[in-house]
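> A structural model of the following input is requested.
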Amino acid sequence: MTDYKNLKLIASSSPHIRSNEDTRSIMTDVIIAMAPALVFSIFYFGMRALVMTLVSVVSCVFWEWAVRKVLKKSMAIGDLSAVVTGMLLALTCPVTLPYWLLIIGGFFAIVVVKQLYGGIGCNFLNPALAGRAVLVASYTGMMTNWAKVGETIPMFGSTADVVTAATPMAIMKSGDFDTLTNTFTAMDMFLGRVGGSIGEVSALALLLGLVYLLCRKIISWHIPVMYVGTVALLSLIAAPAGIGAVDYMIYNVFGGGLMLGAIFMATDYATSPVTKMGQIIFGVGCGLLTVFIRRFGSYPEGVCYSILIMNCCTWLLDKYVRPTIYGALKKEKKEAAK
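Numbers count the residues shown, from 1 in each chain. Model prediction:
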């Protein structure tokens, strides 16, 4: 019989189950997962892609350090979240973008979107996407200047002489499907032999990152699979005249920032739902908005704005899509959801 009087019980606050994972280790895994996309971008666009990424990372880390210094808060740059934001911001930009614009985008992402709301975990928008959205709205011409793959792009100085080319999404938006299929094959889009933002061109590189994140259990399959799956299904059943349904689906799935957004942006812990069902709804919502913007909007791409819109709905999903309380009666479950 157990001698309960001699047991040494320790009372402490939750959590009672602890893990060796912390923010820094999670962000390190995300950085490793983005490495293939960065390597592919350097291969296709040259060393300027690497310099852009470094400028963006340094600026984001600096802004985080500076604002926390001004606000007299503890330093948090060691958690590497600013590094991840800087990498994502660079990967969503064209390789011809002037470096100083990355500094502006980093300021908005870190200072306005992240730190003014309390820092990591308190922001309701994805910082990198919000920074990109501001740059697109303010400097549309430079943010839509896509270099032709294989062009020699100077690391410093003007990029005005760089040969540019329309992206598959822009051609598809114009409705010239013959030019689209004759210019870009499905393999071109899968490998990254197309124009676009430096981190979105290679679906293969991004899928390698997805496999790594899933194996490390940093993210779950719910958001990326439901996001990409929704886009694929809607594209398949609502293909316009002039292009085959399967071809239209492939170009929509491999084209633009869908893979980059679904894997690295929509799965952001702070701005996505915490429940599995909430994540499924979130992914489907992102997919619906992306297809609607691409098909009926004036902008050829819809990933950035669809994720930002769904970020604003995350609190609603967390409120009404709650896990079932073990042992609770139906009446208690309804009252808990109110």
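
> When you work out contacts or count neighbours from here on, use the C-alpha atoms and nothing else.
OK.

> Centre-most residue in the chain?
M265 (2.0 Å; CA atoms, centre = their mean).

> Poorly predicted segments of the stretch 201-338 of the chain, please.
The model of the stretch 201-338 of the chain has pLDDT under 70 over residues 324-338.

> circling back: quick one, what contacts the closest residue to the residue nearest to the centre of the chain other than its chain neighbours?
Closest residue to M265 apart from its sequence neighbours, by CA to CA, 6 or more residues apart in numbering: N126 at 6.9 Å. By CA atoms under 8 Å, 6 or more residues apart in numbering, the contact set of N126 is V113, M265, D268, A270, T271, L308, N311.

> wait, F124 sits on C312?
Yes: between F124 and C312 there is a contact at 6.7 Å, judged by CA atoms under 8 Å.

> more crowded one of the two?
Using other CA atoms under 10 Å as the criterion, F124 and C312 rank with F124 on top: 19 against 14.

> OK, contacts around the residue lying closest to that one once chain neighbours are set aside?
Closest residue to F124 apart from its sequence neighbours, by CA to CA, 6+ apart: T271 at 5.3 Å. Neighbour list for T271: N123, F124, L125, N126, N311, T314 [criterion: CA under 8 Å, 6+ apart].

> element containing T271?
Element membership for T271, per DSSP states H and E: none, as it lies in no helix or strand.

> Weed out the non-buried ones from the contacts of N126.
Neighbour-count burial (16 or more other CA atoms under 10 Å) is assigned, among those, to V113, M265, D268, A270, T271, L308, N311.

> residues contacting the closest residue to the first one other than its chain neighbours?
Which is V113. Among residues not flanking V113 along the chain, P127 sits closest, at 5.7 Å (CA to CA, 6+ apart). Neighbour list for P127: T85, F108, A109, I110, V113, K114 [criterion: CA under 8 Å, 6+ apart].

> Look up how far T290 lies from A262.
A262 sits 11 Å away from T290, going by CA to CA, to the nearest Å.

> now swap in V134 and tell me
In this view, V134 and T290 are 18 Å apart by CA to CA.

> Which of the three states applies to C93?
At C93 the chain is in coil, as set by DSSP: H, G, I helix; E, B strand; the rest coil.

> Please apply the same query to the one 10 residues further on.
In three-state terms, and counting by three-state DSSP, I103 is helix.

> coming back round to it: ramachandran coordinates for the residue nearest to V113?
Backbone torsions for P127, taken as degrees, to the nearest 10, come to phi -60, psi -40.

> circling back to that earlier point, tell me the pLDDT at the residue nearest to M265?
N126 carries a pLDDT value of 94.

> wait, isn't T23 in contact with G78?
No: using CA under 8 Å, T23 is not in contact with G78; the gap is 9.3 Å.

> and the contacts of T271 as JSON lines, adding secondary structure and distance to W221?
Formatted as JSON lines, the contacts of T271 follow (DSSP: H, G, I helix; E, B strand; the rest coil; distance: CA to CA, whole Å):
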{"residue": "N123", "secondary structure": "coil", "distance to W221": "23"}
{"residue": "F124", "secondary structure": "coil", "distance to W221": "22"}
{"residue": "L125", "secondary structure": "coil", "distance to W221": "21"}
{"residue": "N126", "secondary structure": "coil", "distance to W221": "19"}
{"residue": "N311", "secondary structure": "helix", "distance to W221": "18"}
{"residue": "T314", "secondary structure": "helix", "distance to W221": "18"}
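
> Looking at those residues, which is nearest T28?
Nearest to T28 out of these is N126 (CA to CA; 18.0 Å).

> Would you mind measuring the gap between the ends of stretch 167-184?
9 Å.

> Pull out the buried residues from it.
Quick answer for stretch 167-184 (16+ other CA under 10 Å): T167, P168, M169, A170, I171, M172, K173, F177, L180, T181.

> Please consider this matter closed, and thank you.
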